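Trainee: A predicted structure for the sequence below; I have some questions about it.
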Amino acid sequence: MNARSVFINDATNGVPQEKGHTWSFDLDVDVTSSHWGLGAGLDTYFWVSRSVDLMLSAGLDYFFSSRLTGHDTSYSPDESNVNPRNDYTYSDADAAVGQPKLEPLLMLGMRYNF
């Protein structure tokens, strides 16, 4: 609802339904960003057999702030915003879309050696 207020006509284009469901594939086509960051992590392998290892990986990614764009509106960290809604700022847009700053990573898997 916050993203509708910040990016889409002050949330005046219809009424959201009270119930619904969603499938998430971590892809958002309404609000885009080209932010990038740095990450670090560690991997460790546990021997299971001659050709199979159990792999555990953990890390942390940090993302720098970047321009957020949706529909005909964009917000920048330096506040050079294009067509902002109701005096919203970059901080408002960032909070509305939940852009990550720190993202922990944890992966468990199997590695097969040929």
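Mentor: Received, thanks.
Trainee: Surely Asn81 touches Asp92?
Mentor: No - with contact defined as C-beta atoms under 8 Å, Asn81 does not reach Asp92; the gap is 10.2 Å. (Each C-beta comes from the backbone N, C-alpha and C, glycine too.)
Trainee: so what's in contact with the two at the same time?
Mentor: Tyr75 (C-beta atoms under 8 Å, 6 or more residues apart in numbering).
Trainee: Sketch out the low-pLDDT regions of the protein for me.
Mentor: Applying pLDDT under 70 to the chain flags residues 1, 8-29, 31-33.
Trainee: Nearest the geometric middle of it, what residue?
Mentor: The centroid of the chain falls nearest to Gln99 when counting by C-alpha atoms, centre = their mean (4.6 Å).
Trainee: ok, now how distant is that residue from Ser66?
Mentor: 8 Å (C-beta to C-beta, to the nearest Å).
Trainee: Kindly report the same for Ser74.
Mentor: Ser74 is 11 Å from Ser66, by C-beta to C-beta.
Trainee: between these two, which one's more packed in?
Mentor: Neighbour count, other C-beta atoms under 10 Å: between Ser74 and Ser66, Ser74 has more, with 20 against 17.
Trainee: tell me which residues form a beta bridge with the more buried one?
Mentor: Thr69, Val82 (DSSP bridges).
Trainee: what sits against it?
Mentor: Residues near Ser74 by C-beta under 8 Å, 6+ apart: Arg67, Leu68, Asn81, Val82, Asn83.
Trainee: I figured Tyr45 hits Leu54, correct?
Mentor: Yes - using C-beta under 8 Å, Tyr45 is in contact with Leu54, at 6.9 Å.
Trainee: Can you name the residues bridging to Leu60?
Mentor: According to DSSP bridges, the residues that bridge with Leu60 are Ala40, Pro104.
Trainee: isn't it right up against Leu42?
Mentor: No - Leu60 lies out of contact with Leu42 (C-beta under 8 Å); the separation is 10.2 Å.
Trainee: residues bridging contact with Tyr45 and Leu54, i.e. touching both?
Mentor: Arg111.
Trainee: Tell me where the chain has helices.
Mentor: Along the chain, counting by DSSP state H, helices occupy 2-7, 90-97.
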